[in-house]
Every structure is written in C-alpha cells, then in structure tokens.
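Participant: sequence-free structure coming up:
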C-alpha cells in the first residue's frame, strides 16, 4: 500500500468534489448510514476524479486513458471524451459547461455540454503548474487547487483570475502540496494540505480561519489527516474526507474537525476501497467514491436514498485483438461463424455475411435465464447485432453455464474505436423490459500491425 500511494503522489492524485448549495450548517452533524450498493468496475484504467451535473450524469476523469467517461444516473455508459492531457479535476457548472484540469498542459479547459471547446481559465496553457482539483460555486466562481504552486486560485464567470491565496510553508495559512478543496455552504474553503498532514479552513476571501490535524512532535505523524485526497462538504455540517492511505472515507464535523466516524473499509471485496481519491453525492443521495486502487467507482446509499440502476452483464469477446485491415481485404476472421452447407443455402444469408469479419460476444446476466435476452435489442457501441443462423443459446465457453451468443460486424465496430486500448459497450433488454449493459476491453491494431 505504501508503494502504491507513493506512485500516486508522483503524479499528484488530488480530490474532486461537487458540494450541494445550502443556506447554512445545521447544529448537530451526525454520521450517515452508508449502504454498499454496487460498483462501476469496467471502462476505466485509473478513475481518479468525479463530478455530476444537474441531470444526474456522472463524469469520471481517467488520466491514464487521457479521457473522461460519462454515465447516466442508472450507470448506463453514454460517451467517452478522449484526447485530454492527463485530466484530473472535472466539474460542471449550472449552464452545463464542463471544466477539466489538464495537468499535462498546465491548464483548465472549458467545453460546452456537447464537448465543443469553449476556452480556458486565465491564459490557458501554463496558467497552472499542476491543476489538481476544482469546484464551481453556485455564484459561478471557479476554485482551482494548484498543487505544485501551493496555491488556490479563484476565477470569475468571465474565466479571469479574481484572487488567489496560499504560499509555500508550514505555518498557518501556508500550504505544502495541497491536493483538493471543498467550498462549504457558508462559503468556507476547506483545503487538503497533504504535505502538512492537515485540513486548513479559509474564508471566502482566502483569510486563514483554522485547521484540523497536523504533524505531531518532531518525528511523529498525525494519525487522522495524513493522506486525505477527495473532500466533500454537505449541508448537514459534515466534511467527507477520502483517506487514500487507510482506504476509508472519514466523516468529520466541519466546524470543529471532530471525527464522526468512517464509511467503508480497506480492501478489494464489494463495498471496500483501495486508495479512495474522489467523492461526490448525486441527486439520489448516493455517495460515489473513485477508488483507483481497485480500478472502480464504489457506490453507497446514504441514509434515505433512491437507487435507479440497470443490470450488469458479463461479456466474453472473441477475438479481443482486432486489426484494421484494408477495406478491400475481405478475409473472414471469425470462421466459426460462417454458415455452411445446406443451412446456409436454406437461410439465404450466406451472401449477406460471407464477406464480413464478425466478433462473437457471449453474454451472461447474473440471475437471469439467457433465453430472456431480446436479441433484437442488442447493440455494441451503437452497432446492432448481426443476424447469423445457428444456435444462440448454449454453453459455448464450456464453463457449465448457458449463455447467449451474439455476433457483431467487426469493421463497423472498428469505426467507433481508437487504435490501441478500446472498449466495447454492449447494451440490451430482457423480455420483461429491464435493461442491462456491460463493457469489455479490446485492443485495436493499426494497418502496420503495431499498437498505438
């Protein structure tokens, strides 16, 4: 665990937060009840930052992929925005604009809700040494933590710098590699001062107010706030802290710093956390925690919550490595799928599919009879399944369980994917109307046979 954390620190794993607005803190902050629900464990390489928007969509920043993926509140995969340079913090404002910390270029890029570039904060490239986390307040101010500059910068609705606070050091109000922040409902700014092993609290103008934690003695280290990454301040007077070292979410009284208790526990089992880095509470009162150590986003229901969700399937894709071939090359790579003999002649489908390269996908939905899967509803990356004669129910992978086998046109799927590491997102419905989805990893090889 220590070695893994050090590697995170090397690329500055910060916090991410979207805190709900409120008129003030309540008098008595209490530990919420957290019910483990499920996780999103596919479609990531290193999920480290989270944000939600007014429609309940979840944005997950993945610096290893150079991308941000978007899901709706049921968990359905909507889109992925690639081509970002080490995206870290992400936030969405009231108008739907998307702000992304691109650590590789030292900037915060702004996009419309449709991902059309819409400018940058400040001067753009080089505005920050390491933009790590950001939060947008209801009045349109954008707070950005710059970890290497030991600064918090504040930008107005015109995207220009309004003020900044923080200097390097160990004294009150000084910062040593700040990793995240949370703007509370009263305007107080909580900053995870990681290098100084404490949480510092500032007023809206950046004046120092108080701190929680800090080093103990000459050689000791505070046992409470040493490795805090993500932070979340809520309207009930609570501050949620993602402790990446201990693998828990610590809940404290935002006014006093008194610990109310922990949520979750360290580990890789369902409901457990490894290296929690980012926190957000969605409009259904579910706490979502990015846990890059487990390569997933863990979901908990807080107190009274609602839980819209779709079923999760498991997929086996063959082949998993696909080659972009010349369109004139009509070799059929999935020979086992080609109908032959009388069956092909009776079906009349041989002319339709004989020149296609097909991908086989075996589908299992836990607890569901595979005969309930509606073949006509199946799509992969938006491409409908190809109708192929022959059996579609059976134990094709010889694991003792029956699964549904579907086929997809590989060239049509390739048109939806980048070279290198890519995802196949399969969606479908059951005969009772319930939806299901799953994501599988594939590798796309370019024409020269090398992987980019």
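Facilitator: Nice, I can see it. All figures in this text were calculated on a predicted structure; none of them were measured in a lab.
Participant: mind checking how far residue 79 is from residue 52?
Facilitator: According to Cβ to Cβ, to the nearest Å, residue 79 and residue 52 sit 15 Å apart. For every residue, glycine as well, the C-beta is placed using N, CA and C.
Participant: Then residue 93?
Facilitator: Taking Cβ to Cβ, one finds residue 93 at 12 Å from residue 52.
Participant: now residue 239
Facilitator: Computed as Cβ to Cβ, the residue 239 to residue 52 distance reads 19 Å.
Participant: which of those two has more neighbours?
Facilitator: residue 239 (26 against 20; other Cβ atoms under 10 Å).
Participant: Count the neighbours of the closest residue to the more buried one other than its chain neighbours for me.
Facilitator: For residue 239, ignoring the flanking residues on the chain, the nearest one in space by Cβ to Cβ, 6 or more residues apart in numbering is residue 254 at 4.3 Å. When neighbours are counted by other Cβ under 10 Å, residue 254 registers 25.
Participant: per-residue confidence at residue 254?
Facilitator: We have a pLDDT of 96 for residue 254.
Participant: same question, residue 339
Facilitator: Residue 339 is given a pLDDT of 43.
Participant: Mind listing the residues bridging to the residue nearest the centre of the chain?
Facilitator: In the chain, the centroid-proximal residue (Cα atoms, centre = their mean) is residue 60; its distance is 2.5 Å. Beta bridges link residue 60 to residue 50, residue 69 when assigned by DSSP bridges.
Participant: Can you pull the domain assignment for the protein?
Facilitator: Per automatic domain parsing, the structural domains of the chain span 2-309, 312-445.
Participant: where in the stretch 351-452 of the chain is pLDDT low?
Facilitator: Along the stretch 351-452 of the chain, segments meeting pLDDT under 70 span 351-355, 448-452.
Participant: wait, residue 356 sits on residue 386?
Facilitator: Yes. Contact criterion Cβ atoms under 8 Å: residue 356 and residue 386 qualify, at 7.0 Å.
Participant: tell me, what's touching these two both at once?
Facilitator: residue 409 (Cβ atoms under 8 Å, 6 or more residues apart in numbering).
Participant: If you count neighbours, what's buried in stretch 361-377?
Facilitator: By neighbour count on 16 or more other Cβ atoms under 10 Å, the buried set for stretch 361-377 is 361, 362, 363, 364, 365, 368, 370, 373.
Participant: and what of stretch 42-53?
Facilitator: 42, 43, 44, 46, 47, 48, 49, 50, 51, 52, 53.
Participant: And the third one, how close does it get to residue 95?
Facilitator: Okay, so that is residue 44. In this view, residue 44 and residue 95 are 28 Å apart by Cβ to Cβ.
Participant: same check, this time on the first one
Facilitator: Separation of residue 42 from residue 95 (Cβ to Cβ) stands at 31 Å.
Participant: Which members of the buried residues of stretch 361-377 are the farthest-apart pair?
Facilitator: The most widely separated members of those are 361 and 368, with 16.0 Å between them, by Cβ to Cβ.
Participant: what residue ranges in the stretch 201-350 of the chain score low on pLDDT?
Facilitator: In the stretch 201-350 of the chain, residues with pLDDT under 70: 216-224, 326-350.
Participant: rerun that using 50 as the cut-off
Facilitator: 220-221, 330-350 (pLDDT under 50).
Participant: can you give me the strands in it?
Facilitator: Listed in chain order, the strands of the stretch 201-350 of the chain (DSSP state E, counting those that start in this stretch) span 208-213, 228-233, 238-243, 248-253, 259-263, 278-281, 286-291, 296-302, 311-312, 314-318, 321-323.
Participant: and the longest one, how far out from the chain's middle?
Facilitator: Spelled out, it's strand 296-302. 12 Å (Cα atoms, centre = their mean, to the nearest Å).
Participant: Next: the second one.
Facilitator: The chain centroid and the centroid of strand 228-233 are separated by 16 Å under Cα atoms, centre = their mean.
Participant: Contacts for it, please.
Facilitator: Strand 228-233 has contacts (Cβ under 8 Å, 6+ apart) with 13-17, 19, 50, 179-185, 188, 190, 192, 194, 199, 239-244, 250, 254, 276-281, 289-290.
Participant: Of these, keep whichever come out buried.
Facilitator: 13-17, 19, 50, 179-185, 188, 190, 192, 194, 199, 239-244, 250, 254, 276-281, 289-290.
Participant: related to what we said a few turns ago, out of the domains of the chain, which is the most enclosed?
Facilitator: Among those, domain 2-309 has the highest mean neighbour count (mean count of other Cβ atoms under 10 Å), at a mean of 19.
Participant: ok, back up a step: and of the buried residues of stretch 42-53, the nearest to residue 400?
Facilitator: Nearest member of those to residue 400, counting by Cβ to Cβ, is residue 42, at 23.6 Å.
Participant: give the contact list for the closest one.
Facilitator: Counting by Cβ under 8 Å, 6+ apart, residue 42 has contacts 423, 438, 439, 440, 441.
Participant: That one: which element?
Facilitator: Following DSSP states H and E, there is no helix or strand that holds residue 42.
Participant: quick revisit: dump the contacts of residue 42 into CSV; add secondary structure as well.
Facilitator: Listed next are the contacts of residue 42 as CSV, based on DSSP: H, G, I helix; E, B strand; the rest coil:
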residue, secondary structure
423, strand
438, strand
439, strand
440, strand
441, strand
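Participant: For those residues, which two are the farthest from each other?
Facilitator: Across these, the longest distance by Cβ to Cβ is 11.2 Å; it joins 438 and 441.
Participant: now the helices for the chain?
Facilitator: 2-10, 341-347, 350-353, 410-414 (DSSP state H).
Participant: Good, wrapping up.
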